[in-house]
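>>> Here is my input; please provide its structure:
(2 chains)
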Amino acid sequence: MSHRIRAIVYVASAIVTFATLMYAAMGLPKFGTFSGAYSAMLLQISTLERHVYNVPTAVNFDYRGFDTLGEEFIFFTSVAGVLFIFSAVRGKAEKHGEPMEHEGDRRQSGAIRWFPTGLTAFIAALGMDLGAHGQLTPGGGFQGGAIFGSAIACIYLGVGIHAFIRTAKKETFDMLEALGAFAFGALGVAAMWITGAFLRNIMPLGQTGATVSGGTIYFLSCAVFVEIACGFTVLLLVFLKQTGQTQEGEQ
Amino acid sequence: MSGWTLYFPYAVAFWLFVIGCFGITQSRNLIHTILCIAVVQSSTYMLLLSIDFHAQAGAPIFGSTNPPGSASVDPILHALTLTDIVVGATVTALLLALTIQIYRRRGTIDPQRLRPMSE
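Below you'll find the predicted structure:
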């Protein structure tokens, strides 16, 4: 099928799809009028019951903590999946060994080298701030972890691919990532051991508004932070190793 | 607010879905295809958040200006959107890894030239 015919066929079907979806939207609550009973209740009780200000965090790590366990393992599995996909040709690729320092490293301007290096500490601090105060202000383990992961990406921009792959050991980050995932499950099992319910909030709730408050919410958030930050670093390292090898293979 | 504005945010969400799919059908590069999938996925964020919206309500995060119990949008849909974003990031990572492998094996990432049986 040529490009043009494909476009015509698609546009025709897209108009039908769009019209059907709009017809379906007529059955949705009108914009700005939806009000769920469950969420109305959560807004009333979560600060009193769990001593947190950020209700979505309470939903993620407490009321629906079991769903977040699944979400966390989606991330964990996909990092494992990326490692698995790349390991399929490792036997062939590893003959090249560590990627050599290629032209890109030497051509980097001072701005690209120094600007991210200076930013690293600030981005890392912002990530940790968001990760540690997820129960009080916007943020949480996922967001903070992703930002902390980009601080590590900044280190790569600063030092270049060669030095970065040599110093950042994939195995270390792999292990820390698994540890984060394990901590989440272990807290859940510990709660089951003590109270009989998986992921029940078993820690002292602390004072509302304190840095460490919300009971297990804080610790689950920290576990997710470690897992996401290290998972992103593992992904970065794996992709960098692959591109290093690809460029070598082409030369 | 009345008339068509009551459904306009849903129309934006469906538009993102349809235009993202259009990009997938017209794609000549798998990385472009992956970005189109990200656009399709962002339509789900738009849908969830537009169901969520309330004109007089703030974010479901309380503080000194909006004490606990004050008017706020639905926290569950916000939590769902967060889940959605995390899943989107992982899907992108997996697809990019697959793209690199496809390039290694076939020497092209143009989906038009990737025929199932050709070696």
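
>>> When you work out contacts or count neighbours from here on, use the C-alpha atoms and nothing else.
Fine.

>>> which bits of the stretch 51-200 of chain A sit near chain B?
Residues of the stretch 51-200 of chain A found near chain B (CA under 8 Å from any CA of the partner chain) are A:53-57, A:59-60, A:68, A:71, A:74-75, A:78-79, A:81-82, A:85-86, A:136-138, A:142.

>>> so of the residues you listed, which ones are in helices?
Members of those lying in helices (criterion: DSSP state H): A:55-57, A:68, A:71, A:74-75, A:78-79, A:81-82, A:85-86, A:142.

>>> where does chain B have its least confident helix or strand?
Using mean pLDDT, DSSP states H and E, helix B:75-106 stands out as the lowest-scoring helix or strand of chain B, at a mean of 91.

>>> What count of nearby residues applies to residue 18?
Going with chain A. For A:Phe18, the count of nearby residues is 16 (other CA atoms under 10 Å in any protein chain shown).

>>> um, chain B though
Neighbours around B:Val18, by other CA under 10 Å: 22.

>>> what's the answer for B:Phe17, then?
Neighbours around B:Phe17, by other CA under 10 Å: 23.

>>> I'd assumed B:Ser43 was in contact with it.
Yes - at 5.5 Å, B:Phe17 and B:Ser43 qualify as touching, with contact defined as CA atoms under 8 Å.

>>> residue ranges of the helices in chain A, please?
According to DSSP H, the helices that chain A contains are A:3-25, A:37-50, A:55-58, A:65-87, A:90-93, A:103-107, A:110-132, A:141-159, A:161-167, A:170-195, A:216-250.

>>> Out of those helices, point me to the one whose mean pLDDT is lowest.
Mean pLDDT values for the helices of chain A show the minimum at helix A:90-93, a mean of 50.

>>> What lies in contact with the helix or strand where B:Tyr10 lies?
Element membership of B:Tyr10 [criterion: DSSP states H and E] is helix B:8-25. Contacts to helix B:8-25, defined as CA atoms under 8 Å, 6 or more residues apart in numbering or on different chains, come from residues A:6-7, A:10-11, A:14, A:17-18, A:21-22, A:25, A:31, B:32-33, B:36-44, B:46-47, B:50.

>>> so who does A:Ala25 touch?
B:7, B:10.

>>> Show me where chain B dips below the pLDDT cut-off.
Applying pLDDT under 70 to chain B flags the ranges B:1-2, B:116-119.

>>> Would you mind checking the residues of the stretch 51-200 of chain A next to chain B for buried ones?
For these, a burial check counting by 16 or more other CA atoms under 10 Å in any protein chain shown picks out A:53-57, A:59-60, A:68, A:71, A:74-75, A:78-79, A:81-82, A:85-86, A:136-138, A:142.

>>> where does chain B come near chain A, residue by residue?
Looking at chain A, the residues of chain B close enough under CA under 8 Å from any CA are B:5-7, B:9-11, B:14-15, B:18, B:22, B:25-26, B:50-55, B:60-63, B:68-69, B:72, B:74-76, B:78-79, B:83, B:86-87, B:90-91, B:93-94, B:97-98, B:101.

>>> For B:Gln56, see how far away B:Gly3 is.
19 Å (CA to CA, to the nearest Å).

>>> Find the centremost residue of chain B, please.
The centroid of chain B falls nearest to B:Ser42 when counting by CA atoms, centre = their mean (1.8 Å).

>>> if we can go back for a sec, filter the contacts of helix B:8-25 to the buried ones?
Judged by 16+ other CA under 10 Å, buried ones among the contacts of helix B:8-25: A:7, A:10, A:14, A:18, A:21-22, A:25, A:31, B:32-33, B:36-44, B:46-47, B:50.

>>> neighbours around B:Gly107, how many?
That count, for B:Gly107 with other CA under 10 Å as the rule, works out to 11.

>>> need the contact list for residue 51.
Picking chain A for this. A:205-209, A:213-214.

>>> ah, no, chain B please
Listed by CA under 8 Å, 6+ apart, the contact set of B:Ile51 reads A:29-32, A:34.

>>> now that we have those residues, which one has the most neighbours?
Using other CA under 10 Å as the neighbour criterion, A:Phe31 leads the contacts of B:Ile51 with 20 neighbours.

>>> ok, and the closest non-adjacent residue to that residue?
Leaving aside its sequence neighbours, A:Phe31 sits nearest to B:Leu6 (CA to CA, 6 or more residues apart in numbering or on different chains; 4.8 Å).

>>> Wait, the one you found touches A:Pro29, no?
No - using CA under 8 Å, B:Leu6 makes no contact with A:Pro29, being 9.1 Å away.

>>> just the helices of chain A: most buried one?
helix A:55-58 (a mean of 30; mean count of other CA atoms under 10 Å in any protein chain shown).

>>> residues contacting B:Thr90?
So B:Thr90 contacts A:74-75, A:78-79 (CA under 8 Å, 6+ apart).

>>> can we see that at 7 Å?
Counting by CA atoms under 7 Å, 6 or more residues apart in numbering or on different chains, B:Thr90 makes contact with A:75, A:78.

>>> Please apply the same query to B:Leu49.
B:Leu77.

>>> Helix or strand: which one has it?
Assigned by DSSP H and E, B:Leu49 belongs to helix B:30-52.

>>> now that helix and helix B:75-106, what's the angle there?
170 degrees (axes from the mean of the first three to the mean of the last three CA atoms, to 10 degrees).

>>> Centre of the chain to helix B:30-52, how far?
2 Å (CA atoms, centre = their mean, to the nearest Å).
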